[in-house]
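1. Got a sequence here, can you build the structure:
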Amino acid sequence: MGRLRSAALVLLGCLGAGGCVRPPQDAEARLATLEAEARELDVELDGVEDRLLGSQMRLHLWSELATRHRSVSALACSNAEMHMESLLRHFEKTEQVLNKKKKGRGRRMASPTQPPGEAVEAGLGGPEAQD
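-> Predicted structure coming up:
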């Protein structure tokens, strides 16, 4: 136990003596240099933070644009599909009307060489086209 007391006293003596020692003469200059370096690092870190935030904003913008592009593309595709379907219906109706007109002409038009009661197959081209 005696050794423990003497070790504790030596430790307390070292700690007490450490507080009495004066700092080196260039301590203030080193402290000023360290503070200046800390300010420079803060400025650099602010620049890095600004760049990171800018990159994050650009990434968010591009993500938003990609989402909008997908929705607009889907809308354009469905619109084009509806347009094509309506064009097909229109052409089918037009073809039906033309077929009805062809059939109607064929029944109404008679060849000069045929008796008036008989219908001609093709109603187009006139008498010269029919042989």
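2. Quick check: which ranges of this structure have low pLDDT?
-> 1, 15-21, 106-131 (pLDDT under 70).
3. quick one: the helices in it?
-> All helices of the chain, identified by DSSP state H, fall at 2-20, 27-108, 126-129.
4. JSON lines for those helices, including mean neighbour count?
-> The C-beta positions use only the backbone N, C-alpha and C, and glycine is treated the same way. Listed next are those as JSON lines, based on neighbours: other C-beta atoms under 10 Å:
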{"stretch": "helix 2-20", "mean neighbour count": "9"}
{"stretch": "helix 27-108", "mean neighbour count": "10"}
{"stretch": "helix 126-129", "mean neighbour count": "9"}
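5. Could you pull up the residues touching the most centrally placed residue in the chain?
-> The chain has A66 as the residue nearest its centroid, 0.8 Å off, counting by C-alpha atoms, centre = their mean. Applying C-beta atoms under 8 Å, 6 or more residues apart in numbering to A66 gives no contacts.
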